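Peer 1: how would this look folded up:
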Amino acid sequence: MADDQRFGRSRRDFMRVAVTAASSASLPWLASTDAQAQTAQDATPGNAPATTAGTSTRGTKLILLGTKGGPTPSALRAAPANVLLVDGQPYVIDCGNGVALQLTKAGVKLPMVRDIFLTHHHSDHNADLLNLVFLAWASGLKTPVNLYGPPRIAKMVDDFIDMNEIDLDVRMREEGRPAFKPLINVHEFDGPRVVLENDQVRVTSALVDHYTIKPAFAYRFETRDRTIVFSGDTRYYEPLATFAKGADVLVHEVMYLPALEKLIRTADNAPTLRDHLLRSHTTTEQVGKIAAAAGVKTLVLSHFVPGADPSVTDDMWAADVRKDFSGQIVIGRDLMEV
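Peer 2: Residues are numbered from 1 along each chain as shown. Now for the predicted structure:
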């Protein structure tokens, strides 16, 4: 697509972004270091910098829409999803079950959604990718939506339209809705690249290691006032620290090993779940090592595994992280603004 060509960069340029992303020289329109420092917020375990979503449209705000790892529903946490509001414009990262509802609770109007980024093809991250676009469309969407991520998104679009053909046809015919498929622009890629660059944000991707799910991506969002990196799902992966170097915020998945046995005992029909988890995710202590090596200001723990066990306290999530990381730690919660 023309957009893809416009957003594309050479391998040399990507390596410059990944290795020297901490330098504002690569983005001369970024605000000064002093301005970035003013956006940093103090946080301690159990006392995260949370405010009511939607209090201002200026600057860059991160809202954690869902913070549970895994596809099974929980009353404690919603499925993985995040939204960055850049001067009020939403950029959605991952679409677990219920993402449209969580966006609505966060005060984001669905027809404003324009750009959605998928880290990888696991159901807790892509289950509502097309449902979000559909519900935005049913809520009045009339402008294009861009879907960015690994190959097979285009097939998901075709399959979704085929599955919902009756409903889509009725709503176009009886409600006067615009045609659905022409509103969707798919941008697939299988390696590191500059994904999107406009007057609000520059987004780059990097590969991470999520066992057999390949490709799996981390994303780096650089705006005028903040740099925020999302790890996606990954095991301990040292190149991620280079990719996140100097970021204001690193949102990283996390697994608490002492609670795994309880999770495994209560999981039905999953005899090799332990092996999958250990090969696919990053422990609390390992997350601290990545954050320390990256030199980030704030580490946000999210995509909790296990994420439905209320006996795992904020202090327990943070204890091993603190062994190596001395910066600010935020224990993520659904609808928290950072």
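
Peer 1: look up how far L168 lies from the residue in the chain sticking out farthest from the centre.
Peer 2: Of all residues in the chain, E174 sits farthest from the chain's C-alpha centroid, using CA atoms, centre = their mean; the distance is 36.0 Å. In this view, E174 and L168 are 11 Å apart by CB to CB, to the nearest Å. To be clear about C-beta, it is placed using only N, CA and C from the backbone, and glycine gets the same treatment.

Peer 1: and what of P239?
Peer 2: P239 is 42 Å from L168, where distance means CB to CB.

Peer 1: neighbour count for the two, which is higher?
Peer 2: L168 (20 against 17; other CB atoms under 10 Å).

Peer 1: quick one, phi psi at the nearest residue to the more buried one once chain neighbours are set aside?
Peer 2: Nearest residue to L168 in three dimensions, chain neighbours excluded: F180, at 5.2 Å (CB to CB, 6 or more residues apart in numbering). Main-chain torsions, F180, degrees, to the nearest 10: phi -80, psi -50.

Peer 1: count the residues that sit near Y219.
Peer 2: Neighbours of Y219 using other CB under 10 Å come to 27.

Peer 1: next: D87.
Peer 2: D87, neighbours per other CB under 10 Å, totals 16.

Peer 1: now do V201
Peer 2: Neighbour count of V201, defined by other CB under 10 Å: 20.

Peer 1: list the beta-bridge partners for it.
Peer 2: T223 (DSSP bridges).

Peer 1: and it, how far from F160?
Peer 2: Going from V201 to F160 by CB to CB gives 27 Å.

Peer 1: please apply the same query to D167.
Peer 2: 11 Å.

Peer 1: so between the two, which is more surrounded?
Peer 2: Neighbours per residue (other CB under 10 Å) separate D167 from F160, with F160 holding more: 19 against 12.

Peer 1: how about the more buried one, secondary structure?
Peer 2: helix (DSSP: H, G, I helix; E, B strand; the rest coil).

Peer 1: what helix or strand is the nearest residue to it once chain neighbours are set aside on?
Peer 2: Computed as CB to CB, 6+ apart, the closest residue to F160 that is not its neighbour in sequence is L130, at 4.0 Å. Using DSSP states H and E, L130 sits within helix 129-138.

Peer 1: packing partners for that helix?
Peer 2: Helix 129-138 sits against strand 89-95, helix 99-105, strand 115-117, strand 145-149, helix 153-163, with contacts defined as 3 or more CB pairs under 8 Å, 6 or more residues apart in numbering; DSSP states H and E.

Peer 1: what about 6 Å?
Peer 2: Helix 129-138 is packed against helix 99-105, with contacts defined by 3 or more CB pairs under 6 Å, 6 or more residues apart in numbering; DSSP states H and E.

Peer 1: now do the helices in the chain.
Peer 2: For the chain, the helices defined by DSSP state H occupy 2-7, 11-20, 33-39, 99-105, 123-126, 129-138, 153-163, 165-175, 239-243, 260-265, 273-280, 284-294, 314-319.

Peer 1: hang on, the earlier thing: number of residues surrounding the residue nearest to F160?
Peer 2: L130 sits with 22 neighbouring residues when counted by other CB under 10 Å.

Peer 1: contact partners for D124?
Peer 2: Going by CB atoms under 6 Å, 6 or more residues apart in numbering, D124 touches 70-71, 79-80, 96.

Peer 1: could you check how far the residue lying closest to it once chain neighbours are set aside is from V312?
Peer 2: Distances taken as CB to CB, 6+ apart put P71 closest to D124, at 4.2 Å, once the chain neighbours are dropped. For P71, the distance to V312 (CB to CB) stands at 19 Å.

Peer 1: H125 too?
Peer 2: As judged by CB to CB, H125 and V312 stand 22 Å apart.

Peer 1: same question for K155.
Peer 2: From K155 to V312 the distance is 37 Å (CB to CB).

Peer 1: so these two - more neighbours on which side?
Peer 2: A direct count of neighbours by other CB under 10 Å for K155 and V312 places V312 higher, at 16 against 11.

Peer 1: from what I can see the more buried one touches A259, true?
Peer 2: Yes. Counting by CB atoms under 6 Å, V312 touches A259, with 5.2 Å between them.

Peer 1: rewinding a little: and the residue nearest to D124, how many neighbours?
Peer 2: Neighbours around P71, by other CB under 10 Å: 14.
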